[in-house]
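[1] Mind looking at a prediction? Sequence and model below.
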Amino acid sequence: MGCLAHRHRDAALLCFGSFDGRLARGCDSSDGNGRGSIPSGQQVDSTTRLFRPHLGARGMTVKHNTLYRIGFYLLAGAGPFGCASTTPFVWVDDLPPAAMVPDVYRILPGDTLTVQVWNQQKMSGDVKVRSDGQATLPLLGDVAVVNLTPSGAAQQIEHRLDGLVVDPKVTVAIKDSQPASYSMVGELKNSGSFPLHPGVGLLQAIATAGGLTEFANPSKIYVIRKEAQGNKRIRFTYDKLAHVEGRGVSFQLRDGDIVVVE
């Protein structure tokens, strides 16, 4: 497959030939002419990820599973050797305090709401939020409530009731909600989607996923969070989490967060 050299400051370098386990002769992160930090005639130790001399060999060899894993990341366009490493990110220590804790709950399609209109029993009751984000209320018909907080939905209903009810007072509570979850992908022993319980931090999430694999880069752990202005990529280091250093230990996951370990 030819030589690949990632020139990003933090990116790892790996040069390989084909998936039969044989690496190309001499590949380098500076000019690609074979005069680099990984000289020809060395072998990759896939357990420790260190380079050691391979006597009498021309080129380098690695174990098949290592190449297969790297090839998968390249084809997927993500991971430590893909283009994802050049995506802008923000360190967790640079986040504003509001981003460190769970966001206020916002109504989702499928939620069941308990709506109470003061002194209007016929207009009160439980309603289901449809997939289009609307909830049907007596006398009012459809009201858009998705992505609103319960108090925001109450204000929306009060606005709609103005003129129909004198000085309407409305409360909205979540009776039943869709289960919150987060996802873990990359160099983890057990990737997948996990239920989000209140107060779950990143280190606990990594432990739930079985911990990091031997191929993980502990300084490249990211949380991808969807925000109104787009996805935000938040970077962590495992050592600071494990040693209870920095603001990352206070970071709490939110519904829909994706944890990526490169």
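    All right, it came through fine.
[2] can you give me the strands in the stretch 151-262 of the chain?
    For the stretch 151-262 of the chain, strands defined by DSSP state E, counting those that start in this stretch occupy the ranges 170-176, 181-186, 192-195, 221-227, 230-236, 258-261.
[3] Redo the ones you listed as a markdown table? Include mean pLDDT and mean neighbour count.
    C-betas here are computed from N, CA, C, even on glycine. A markdown table is the format used below for the strands of the stretch 151-262 of the chain (pLDDT from 0 to 100; neighbours: other C-beta atoms under 10 Å):
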| stretch | mean pLDDT | mean neighbour count |
| --- | --- | --- |
| strand 170-176 | 94 | 16 |
| strand 181-186 | 96 | 19 |
| strand 192-195 | 96 | 12 |
| strand 221-227 | 93 | 18 |
| strand 230-236 | 92 | 16 |
| strand 258-261 | 97 | 22 |
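[4] gap between residue 117 and residue 107?
    According to C-beta to C-beta, to the nearest Å, residue 117 and residue 107 sit 17 Å apart.
[5] before we move on, what about residue 259?
    25 Å.
[6] Now tabulate the strands of the stretch 151-262 of the chain in JSON lines and tack on distance to residue 98.
    Putting these into JSON lines (distance: least, C-beta to C-beta, whole Å) gives the following:
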{"stretch": "strand 170-176", "distance to residue 98": "21"}
{"stretch": "strand 181-186", "distance to residue 98": "19"}
{"stretch": "strand 192-195", "distance to residue 98": "24"}
{"stretch": "strand 221-227", "distance to residue 98": "11"}
{"stretch": "strand 230-236", "distance to residue 98": "13"}
{"stretch": "strand 258-261", "distance to residue 98": "20"}
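[7] for those strands, which one sits closest to residue 129?
    With C-beta to C-beta as the criterion, residue 129 lies closest to strand 170-176 of the strands of the stretch 151-262 of the chain, at 10.0 Å.
[8] Could you list the paired strands of the closest one along with their orientation?
    When pairing is defined by DSSP bridges, strand 170-176 lines up against strand 112-117 (antiparallel).
[9] on that earlier part again, quick one, which of the strands of the stretch 151-262 of the chain gets closest to residue 155.
    For the strands of the stretch 151-262 of the chain, proximity to residue 155 was assessed by C-beta to C-beta; strand 170-176 is nearest, at 7.8 Å.
[10] Only alpha carbons, please: show the closest one as CSV.
    Extracted in CSV, the C-alpha atoms of strand 170-176 (Å, rounded to 0.1, in the frame of the first residue of the first chain):
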residue,chain,number,x,y,z
VAL,A,170,-48.7,25.9,33.6
THR,A,171,-46.2,23.3,34.9
VAL,A,172,-44.6,20.6,32.8
ALA,A,173,-42.8,17.6,34.3
ILE,A,174,-41.1,14.6,32.6
LYS,A,175,-43.1,11.5,33.4
ASP,A,176,-41.1,9.1,31.1
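[11] Name the surrounding residues that touch it.
    105, 107, 111-118, 126, 145, 150-151, 153-155, 157-158, 161 (C-beta atoms under 8 Å, 6 or more residues apart in numbering).
[12] same deal with stretch 146-163?
    Around stretch 146-163, the neighbours that count as contacts under C-beta under 8 Å, 6+ apart are 104-109, 113, 115, 117, 123, 129, 133-134, 137, 140, 143-145, 168-174.
[13] In ChimeraX, select just the buried ones from the contacts of strand 170-176.
    To isolate the buried members of the contacts of strand 170-176 in ChimeraX, using 16 or more other C-beta atoms under 10 Å:
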select :107,111,113,115,117,145,150,153,154,157,158,161
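[14] Domain-wise, how is the chain divided?
    Domain ranges of the chain: 22-77, 90-102+180-261, 112-176, per automatic domain parsing.
[15] If you average pLDDT over each of those, which is lowest?
    Out of those, domain 22-77 stands lowest, with a mean of 39 (criterion: mean pLDDT).
[16] ok, the closest residue to residue 249 other than its chain neighbours - contacts?
    In this structure, residue 249 finds its nearest non-sequential neighbour in residue 241, 6.2 Å apart by C-beta to C-beta, 6 or more residues apart in numbering. For residue 241, the contacting residues are 202-203, 206, 221, 248-249, by C-beta under 8 Å, 6+ apart.
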